[in-house]
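Participant: Pasting a predicted model and its sequence here:
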There are 2 protein chains.
Amino acid sequence: MAHRPKNTVLLETASIDRDSFEPAYAQLANILRQNMVEGLLRPGSQLPSEAQLVERYGVSAMTVRRAINILVDQGVVTAEQGRGTFVKPVTLSAATFQLGQLENLFGNREGTNVQLLETRIVAADERVARKLAIHEGKRTIYMRRLLWNDNEPAFYHREYLIYDPTRPIVEAELEVTALQQLFSGTSEARSETGITSSLLKHGEISMEATLLDEEEARLLKVLQPMAAFCFEHLFYDFDDKPVSWGWFIGRADRLRFTTQVGLINA
Amino acid sequence: MAHRPKNTVLLETASIDRDSFEPAYAQLANILRQNMVEGLLRPGSQLPSEAQLVERYGVSAMTVRRAINILVDQGVVTAEQGRGTFVKPVTLSAATFQLGQLENLFGNREGTNVQLLETRIVAADERVARKLAIHEGKRTIYMRRLLWNDNEPAFYHREYLIYDPTRPIVEAELEVTALQQLFSGTSEARSETGITSSLLKHGEISMEATLLDEEEARLLKVLQPMAAFCFEHLFYDFDDKPVSWGWFIGRADRLRFTTQVGLINA
DNA sequence: GTTATACACTTATATATATAAGTTTACAAG
DNA sequence: CTTGTAAACTTATATATATAAGTGTATAAC
């Protein structure tokens, strides 16, 4: 308090509306973010201390705390114990791309369906055996599917599945709808019939940019050479055993991931 | 761990360690997540109510609340007022890829540097003018840079910058280090000298898979045809005016984004 | 059988209070 | 000058308590 010559941060006079539908902590978080948007709080500058915010906005310390925690979680400020809370500068590394942005492709919309190209039992070669943690030569289910959207092929999916009659995952995966559910993210925690999703515990997904080979280009109805996104996936069941290894390949001219960094208005 | 009636939700007997370095709310969140990992709490199933958790683990309601909020933020459970809190199933759409995963390429490591290929003043064509919200024909700074990593070209960067002597952004952007800072995400909220980053308020970044053209392939020292990641970016200053439009192009065989969906151990 | 109500649950929000712990500054001791 | 310490800040954690609001069920009234 004694020394605040130039550091006097002048915050907006906006206040908390107690009759609002929006909870106080959310309002305060938005007020603070708005201060950043308007340039009153610039990157590197220190936010008013929690005690100051309590006094200024007439809310309890816990409410202030929660508002600031939201901003911390959103990555726009950093709170350092004993020092203060500071506005973070913009960095490229903060950019995140979500696969869920493809939901518009595989939502509940009409014109989206899955075409099963092939299903057959194949012996696992060295690569498949290693990925699925089984012995080489053991039988696996190999599936090829084409995911259509608006009468255009959008994704070509190849997948190796553990072959085990006692595993219910196999039956479920054959359902074409299961794939769509996995993509569209209709969690439906309400229903206990999670089909595929509820039998998968976790998975690893990696994204690459590749060239389409002849077969892929033909199925996706494009001419070579053509760039593509390739999503390799490896899913595990609740025993932490791999059950599915495969790739989604989508034509690059239909796919684009967008994100925002820095201060977003809302 | 003897056998019990199946419908009884049996949570682990793990308890909160009050002498631990880890705060109680974090411990509880981890205990609950561990229950999911072990299959005691499966997707779709309901977590014990907050009141039950208070009694079982001997913590306050606020602590339980915070633990559950963490799980909600992490996207592994959904809390529905009046009904309960439920474990979410795994969905592909939850997969997120962070640009910050490239930090190992552009961190503080040795062998990482930026080569300025060209800087010149060019008149904005229709496309540039529209992106940067300036009049066609107005002067802009066009820069081409090559980002090296371990004596190999990793990214080719082209950028159009607003040309305005009154804007400090121009001077700062010429610093080759600024680019690295933007990538490596060394926020350094401590220092008020944010250089480039602190002058940028926000930006839009989109990711595409493309084919390298002749010039790009030559600079990145690869043969065509070659797939590549292309990150188009548009950055704004604190007046919400565009200041930088450009593309980072990286060879696909050196770039891979990985992510996890579902339950992560830690 | 249908409807309305009351009750028992759930999560959501908010306050007041206390303690712990990290950081910086000021100041006295050497 | 350096060093040690105390004080005054900061955020972090935790409890206890109260109220609000959504959901589902049992029950009484019609």
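Facilitator: Here it is on my side, so go on. Numbers count the residues shown, from 1 in each chain, chains lettered A, B, ... in the order given.

Participant: neighbours around whichever residue of chain A sits closest to DNA strand C, how many?
Facilitator: Nearest to DNA strand C in chain A, going by CB to the nearest atom of the strand, is A:Gly82, at a distance of 2.2 Å. Just so you know, the C-beta spots here come from the backbone N, C-alpha and C atoms, and that holds for glycine as well. With neighbours defined by other CB atoms under 10 Å in any protein chain shown, the count for A:Gly82 comes to 4.

Participant: Please apply the same query to A:Gln260.
Facilitator: Here the number of neighbours of A:Gln260 (other CB under 10 Å) works out to 14.

Participant: Tell me the gap between the helix or strand where it lies and the middle of its chain.
Facilitator: Using DSSP states H and E, the element containing A:Gln260 is strand A:257-262. The chain centroid and the centroid of strand A:257-262 are separated by 13 Å, computed with CA atoms, centre = their mean, to the nearest Å.

Participant: Quick check: bridge partners of the residue nearest to the spatial centre of chain A?
Facilitator: Centroid-nearest residue in chain A: A:Gln98, 3.7 Å away (criterion: CA atoms, centre = their mean). Beta-bridge partners for A:Gln98, by DSSP bridges, are B:Thr96.

Participant: Is it in contact with B:Leu92, as I believe?
Facilitator: No - contact between A:Gln98 and B:Leu92 fails when scored by CB atoms under 8 Å: they sit 10.3 Å apart.

Participant: Show me whatever sits in contact with both of these two.
Facilitator: Contact criterion CB atoms under 8 Å, 6 or more residues apart in numbering or on different chains; residues shared by A:Gln98 and B:Leu92: none found.

Participant: can I assume A:Gln27 sits in a helix?
Facilitator: Yes - using DSSP: H, G, I helix; E, B strand; the rest coil, the assignment for A:Gln27 is a helix.

Participant: other SSEs contacting the strand holding A:Gln260?
Facilitator: On a contact count with 3 or more CB pairs under 8 Å, 6 or more residues apart in numbering or on different chains; DSSP states H and E, strand A:257-262 meets strand A:96-98, strand B:202-211.

Participant: Tell me which of those sits nearest to B:Pro48.
Facilitator: Among the helices and strands packed on strand A:257-262, strand A:96-98 comes nearest to B:Pro48, with 30.5 Å by CB to CB.

Participant: tell me what that closest one is packed against?
Facilitator: Packing contacts for strand A:96-98, counted by 3+ CB pairs under 8 Å, 6+ apart, involve strand A:257-262, strand B:96-98.

Participant: which residues make contact with that strand from outside it?
Facilitator: With CB under 8 Å, 6+ apart as the test, strand A:96-98 has contacts from A:257-259, B:93-99, B:207, B:257.

Participant: can you list the weak-confidence ranges in the stretch 151-266 of chain A?
Facilitator: For the stretch 151-266 of chain A, the stretches flagged by pLDDT under 70 are A:165-198, A:265-266.

Participant: ok, which residues in it are in contact with DNA strand C?
Facilitator: For the stretch 151-266 of chain A, no residue is in contact with DNA strand C (CB under 7 Å from any atom of the strand).

Participant: show me where the stretch 151-266 of chain A has strands.
Facilitator: Taking DSSP state E, counting those that start in this stretch, the strands of the stretch 151-266 of chain A run over residues A:152-162, A:202-211, A:227-236, A:242-251, A:257-262.

Participant: Kindly reformat the ones you listed as a markdown table containing distance to A:Thr63.
Facilitator: A markdown table is the format used below for the strands of the stretch 151-266 of chain A (distance: least, CB to CB, whole Å):
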| stretch | distance to A:Thr63 |
| --- | --- |
| strand A:152-162 | 46 |
| strand A:202-211 | 35 |
| strand A:227-236 | 41 |
| strand A:242-251 | 44 |
| strand A:257-262 | 26 |
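
Participant: Which of those strands sits closest to DNA strand D?
Facilitator: For DNA strand D, the closest of the strands of the stretch 151-266 of chain A is strand A:257-262, at 21.7 Å, according to CB to the nearest atom of the strand.

Participant: Pull up the pairing partners for the closest one, direction included.
Facilitator: Partner strands and pairing direction for strand A:257-262 (DSSP bridges) are strand B:202-211 (antiparallel).

Participant: what number of residues lie near A:Ile31?
Facilitator: 18.

Participant: Quick check: of the contacts of strand A:96-98, which lies closest to B:Ser15?
Facilitator: B:Ala94 (30.5 Å).

Participant: who's in contact with the closest one?
Facilitator: B:Ala94 makes contact with A:98-100, A:185, B:75, B:261-262, according to CB under 8 Å, 6+ apart.

Participant: What residue spans form the domains of chain A?
Facilitator: Using automatic domain parsing, the domain ranges for chain A come out as A:24-90, A:99-254.

Participant: does any bit of the first one sit next to chain B?
Facilitator: Yes - between domain A:24-90 and chain B, judged by CB under 8 Å from any CB of the partner chain, the touching residues are A:37, A:39, A:42-45, A:62, A:73, A:78, A:80, A:86-90.

Participant: got it, and stretch A:216-228?
Facilitator: Yes - counting by CB under 8 Å from any CB, chain B is contacted by stretch A:216-228 at A:225-228.

Participant: Output that stretch as CSV, nothing but the C-alphas.
Facilitator: Output of stretch A:216-228 as CSV, limited to C-alpha atoms (Å, rounded to 0.1, in the frame of the first residue of the first chain):
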residue,chain,number,x,y,z
GLU,A,216,-6.9,-44.1,-50.0
ALA,A,217,-7.2,-41.6,-52.8
ARG,A,218,-9.5,-43.8,-54.7
LEU,A,219,-11.8,-44.4,-51.8
LEU,A,220,-11.9,-40.8,-50.8
LYS,A,221,-12.5,-39.9,-54.4
VAL,A,222,-9.6,-37.5,-54.8
LEU,A,223,-6.6,-37.4,-57.1
GLN,A,224,-3.0,-37.9,-56.0
PRO,A,225,-1.0,-36.3,-54.7
MET,A,226,-3.2,-35.1,-51.9
ALA,A,227,-2.4,-34.3,-48.3
ALA,A,228,-4.4,-35.8,-45.5
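
Participant: sorry, back to before: are any of the residues of stretch A:216-228 next to chain B buried, and which?
Facilitator: Among the residues of stretch A:216-228 next to chain B, the ones that count as buried by 16 or more other CB atoms under 10 Å in any protein chain shown are A:226-228.
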